[in-house]
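**Q** Okay, predicted coordinates and the sequence, questions at the end:
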Amino acid sequence: MNKHSRPDAVPAVPAASPVMIQYHEIKEANPGCLLFFRMGDFYELFFDDAVAAAQALDIALTKRGRHEGADIPMCGVPVHTAETYLARLIRAGFKVAMCDQIEDPAEARRRGGKGPVRRAVVRVVTAGTLTEEGLLDARRHNYLAGLAEAGGEIGLAWLDLSTGGFALAPTSEPALAGDLARLMPGEILLPERMLTRPALFELFAEWKPALTPLPNARFESDAARRRLENFYGVGALDGYGNFGRAELAAAGALVDYVGLTQQGRAPHLEPPRRVAPGTVMQIDAATRRNLELVSTLTGERRGSLLATVDRTVTAAGARLLADHLGGPLTEPAAISARLDAVQFFADRPEARTALRERLKRCPDIERALTRLSLGRGGPRDLAALCRSLGETASLREMLAAPGLIPLPERLTEARHGLGEHGILVERLGRALAAELPLFARDGGFVAAGYSDELDEWRSLRDESRRMIAGLQARYAGETAIAALKIRHNNVIGYYIEVAANHAGKLGPEFIHRQTMAGAQRYTTAELADLETKIASAAERALALELRLYEDLVAEVMARRAEIAAAAAALAILDVAAALAELAGEAAWVRPAIEESTAFEISGGRHPTVEAALAAAGNAGGFVANDCVLAENRIWLVTGPNMAGKSTFLRQNALIAILAQMGSYVPAQSARIGIVDRLFSRVGAADDLARGRSTFMVEMVETAAILNQAGPRGFVILDEIGRGTATFDGLSIAWACLEHLHEVNRCRTLFATHYHELTALAAKLPALACHTMRVKEWKGDVVFLHEVGPGTADRSYGIHVAKLAGLPKSATARAEEVLSVLEKGEQGGALARLADDLPLFSAARRRAEPAPSVSAAEALLGETRPDELTPREALDLVYRLKGLVSE
Ligand code: ADP
């Protein structure tokens, strides 16, 4: 269970007040949730809920009445700011049941005053079922995922309630971690018994805050099938795809849960889309992290691949792009279809710019539509629909321009999907005022001229207001109190206010209402009469507005499938144009994708490193590199630290991802045979939270690669064996390389600082050695960031240590040790070295006075000024300066 769950049953007592009895009933019917109990303008929480919420929200804990002899703890949040508090509670892992007053208190009184106002839970808010703008990241999906098992298989389903997207797929114990890492669901439903699968212990521990275990019976596949058929009103689901039982069970549980949390309101959900096995590139969680696909290793979005390539201009486009990037495809035809759309816009910059200008004006209608369908939308959601759907007509026209025909297939479909919404747009445009309140209940959103009746009530209301102003002037004249004012507040309504010292001047028609500090408040029969008129006109106007609002929402709902299709089409157009924009900006090329194991990149670049260099003012500073894996499908890359090995490895993995998601790639040319699984083992980080050392993490990830990579896989391995003793590490790296060559037979880039491994090139025919070029220049090492055939002869680790500022005495000593080690007579020589008073000599060296003649002085001593040409003299000054600054 969720970490915040607690015993829910609050014992009801006969002596409790009627409201408290009502509270207990509702509380018991909603186990596992905090109960937000509406009382007037506040949501109140009681008992343990109050204690937990007060702590999580850092608000005051008060008390209300007594229960079984003890004070009842209570805290509350104002209704109009409840969303902010909700957001914090959901983020802290709570679920919240929102219990509203479902009748007007006045109605309750009319009922005869028996019992408290009727209340009911109208919604249960959980991390996976959010729909409010304020609770969601506009540019990312928030998935509710479901897991189920049937017939020995595991099924996975996921939906985004806020947009209506719904999909399912078969999965398996080993694949599940990667699938979840791809979707990053906000909440995962699963049958309780699944928690006991030993193979999934660790995975579930990682996802614990997001898990919602439910009784096994909710994941029954036959019931799930029926539930889905009911939901979509179809006799059979076959029209949507051929679903496995486990997948259906998972999908059925999701629909059930949505019904429960939305209290029966049916949201818009697209028909479930089946993601067939093998149609998406498999990328495990560690690889995603290592490659910094959607966030960097430090958890930021900036600097990730997604942030670097995202040029979308709409929220729905951004979400679609993130989905594409997270799940690159494996079918060349599907990838080419996406690439055709990108190329179309890449080749037509003007059409692209015009399209993007229009798209920028399109607010997020996917989420607006969902809010409206769940009864929690508002006038602004209608306006969003009006604006976006209004753009579809011109977009459609634009895409039909003679110069653009024929469109590639994907764009033809998108154009078709935009649909025809003229009538709805026209009506919404006429109905909605220019300035809109957030909630319909605030009124004032229907434009003048839309409804004659409404206009009448409004003018009556406004007329009466003018009459109040007239009344004030008249009273002020009659009483000779110039400062007499007619004001309004929510407690006593309209009143006449005069300063206390004028009170004596008022006649008997002024009825005293309130005494304030220094002022007196009155009313008159005339004022009371006007007030009633205003109130009833305003009330009728609002009631009518609400009816008109419901009509508009009903009209939208009647067309929700078409609107959802338009939303999807807008997102597709945005992604295609955005990737084309990126390609144009950064001179990327269209990759050739094929069913083979080719991998030929010429002039490849690392998108984020290149962008970072450009941002730092070094545009063009990135050195492009080729990578051709053919007969030599394994490249063993050696080279000093900091020479660019990791960058080279990662850039090729990223190019494969970009290509297969349907994007252009940062290279001069690229030919890529489909990669079905991508693995990376890069860098080393202790995973202390999971109680694993660096080395253990490294080995777990390496094991996954050696056990799972097949001939269509692509592996990048960086510095395997680094976390243990040298010989240990070298032997592991050696064995891994052989295994990859003989057993996995996949395309591999293997970076290492064990130069000994290059000896394997002679033995393993598919292995080629490459190295990062460096130039030694006047005792310094310059990294060229160029990859070329061959092997590095040295590691230059000591050079990097010098750059990093290790004390000179330490680096000098390291050089001594290295030269002994390199001679290979390790045993005896090392012993001798150790005897050679390391500490004392280091200490002595540090204490040694600086040589009495510095290098600069020595150079000056050698100089014969009379023999220098002006040019040589200038050079000398530079050399001296260099020596001094060293
Ligand atoms: P290694 O893995 O060999 O230690 P890295 O790949 O981490 O080296 O690269 C170190 C730094 O060198 C990077 O942060 C980057 O700034 C720079 N670099 C790497 N490759 C290139 C390149 N091809 N062109 C320009 N700079 C590069």
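**A** Yes, it's here.
**Q** burial of the one residue in the stretch 551-700 of the chain that gets nearest to the ligand, as a residue count?
**A** In the stretch 551-700 of the chain, no residue comes nearer to the ligand than G644, which is 2.9 Å away by CB to the nearest ligand atom. The C-beta positions use only the backbone N, C-alpha and C, and glycine is treated the same way. Neighbour count of G644, defined by other CB atoms under 10 Å: 25.
**Q** so who does it touch?
**A** Applying CB atoms under 8 Å, 6 or more residues apart in numbering, we find G644 in contact with 623, 772, 783, 785, 787.
**Q** you'd agree R38 is in a strand?
**A** Yes - judged by DSSP: H, G, I helix; E, B strand; the rest coil, R38 forms part of a strand.
**Q** Okay, and the beta partners of it?
**A** Beta-bridge pairing of R38 under DSSP bridges involves Y43.
**Q** Could you verify my assumption that it touches E103?
**A** No - contact criterion CB atoms under 8 Å: R38 and E103 do not qualify, at 11.5 Å.
**Q** Give me the more crowded residue out of those two.
**A** R38 (20 against 14).
**Q** returning to that earlier point: quick check: the two most widely separated of the contacts of G644?
**A** F783 and V787 (11.7 Å; CB to CB).
**Q** what's the overlap in contacts for the two?
**A** Common neighbours of F783 and V787 (CB under 8 Å, 6+ apart) are 644, 772.
**Q** Among these two, which residue is more densely surrounded?
**A** A side-by-side neighbour count of F783 and V787, using other CB under 10 Å, places V787 first with 24 against 19.
**Q** what about the residue of the stretch 201-350 of the chain found nearest the ligand, how many neighbours?
**A** Of all residues in the stretch 201-350 of the chain, G303 sits closest to the ligand, at 11.8 Å by CB to the nearest ligand atom. Per other CB under 10 Å, the neighbour tally for G303 reads 17.
**Q** Would you mind giving the secondary structure of it?
**A** G303 - assigned by three-state DSSP - is coil.
**Q** Near the residue nearest to it when sequence neighbours are not counted, how many other residues are there?
**A** Nearest non-adjacent residue to G303, counting by CB to CB, 6 or more residues apart in numbering: T296, 4.5 Å away. Counted with other CB under 10 Å, residues neighbouring T296 total 16.
**Q** Kindly report the same for R226.
**A** 13.
**Q** go on, H268?
**A** 19.
**Q** Okay, it and G134: tell me how far apart.
**A** According to CB to CB, to the nearest Å, H268 and G134 sit 20 Å apart.
**Q** try Y664
**A** 36 Å.
**Q** before we move on, what about R109?
**A** R109 is 34 Å from G134, by CB to CB.
**Q** Check G186 too.
**A** For G186, the distance to G134 - CB to CB - is 15 Å.
**Q** before we move on, what about A473?
**A** 45 Å.
**Q** The two: who's more crowded?
**A** A473 (12 against 9).
**Q** low-confidence ranges in this protein?
**A** Low-confidence segments of the chain (pLDDT under 70): 1-15, 112-113, 683-693, 723, 779, 795, 824-853, 886.
**Q** near the ligand, which residues of it?
**A** For the chain, the residues in contact with the ligand (CB under 6 Å from any ligand atom) are 609, 621-623, 639, 641-647, 785.
**Q** so which of these is the most crowded?
**A** Neighbour max across the residues of the chain next to the ligand (other CB under 10 Å) = G639, 30 neighbours.
**Q** pretty sure that one contacts A792?
**A** Yes - using CB under 8 Å, G639 is in contact with A792, at 4.8 Å.
**Q** quick revisit: Serialize the contacts of G644 to TSV and add fields for secondary structure.
**A** Below are these laid out as TSV (three-state DSSP):
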residue	secondary structure
V623	coil
M772	strand
F783	strand
H785	strand
V787	strand
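**Q** any idea which of those residues is closest to S854?
**A** Out of the contacts of G644, the member with the shortest distance to S854 (by CB to CB) is F783, at 29.0 Å.
**Q** nearest residue to the closest one other than its sequence neighbours?
**A** A643 (4.8 Å).
**Q** State the distance from the one you found to K775.
**A** Using CB to CB, A643 is found at 11 Å from K775.
**Q** With A541 instead?
**A** 81 Å.
**Q** Give me the more crowded residue out of the two.
**A** Comparing A541 with K775 by other CB under 10 Å, the one with more neighbours is A541, at 24 against 10.
**Q** returning to that earlier point: list the ones among the residues of the chain next to the ligand that fall in helices.
**A** Among the residues of the chain next to the ligand, DSSP state H puts 609, 645-647 in helices.
**Q** Return the residues in contact with the residue in the stretch 51-200 of the chain that the ligand sits nearest to.
**A** The ligand sits closest to A181 of the stretch 51-200 of the chain, with a gap of 23.7 Å, by CB to the nearest ligand atom. If a contact means CB under 8 Å, 6+ apart, then A181 has 283-285, 288 as its contacts.
**Q** Would you verify that S394 is located in a strand?
**A** No - counting by three-state DSSP, S394 is not part of a strand but helix.
**Q** For it, list the residues it contacts.
**A** R358.
**Q** Of all the residues in stretch 89-98, which ones are buried?
**A** 89-90, 94-98 (16 or more other CB atoms under 10 Å).
**Q** Take those residues and lay them out in a markdown table including secondary structure.
**A** What follows is the buried residues of stretch 89-98, written out as a markdown table (three-state DSSP):
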| residue | secondary structure |
| --- | --- |
| L89 | helix |
| I90 | helix |
| F94 | coil |
| K95 | coil |
| V96 | strand |
| A97 | strand |
| M98 | strand |
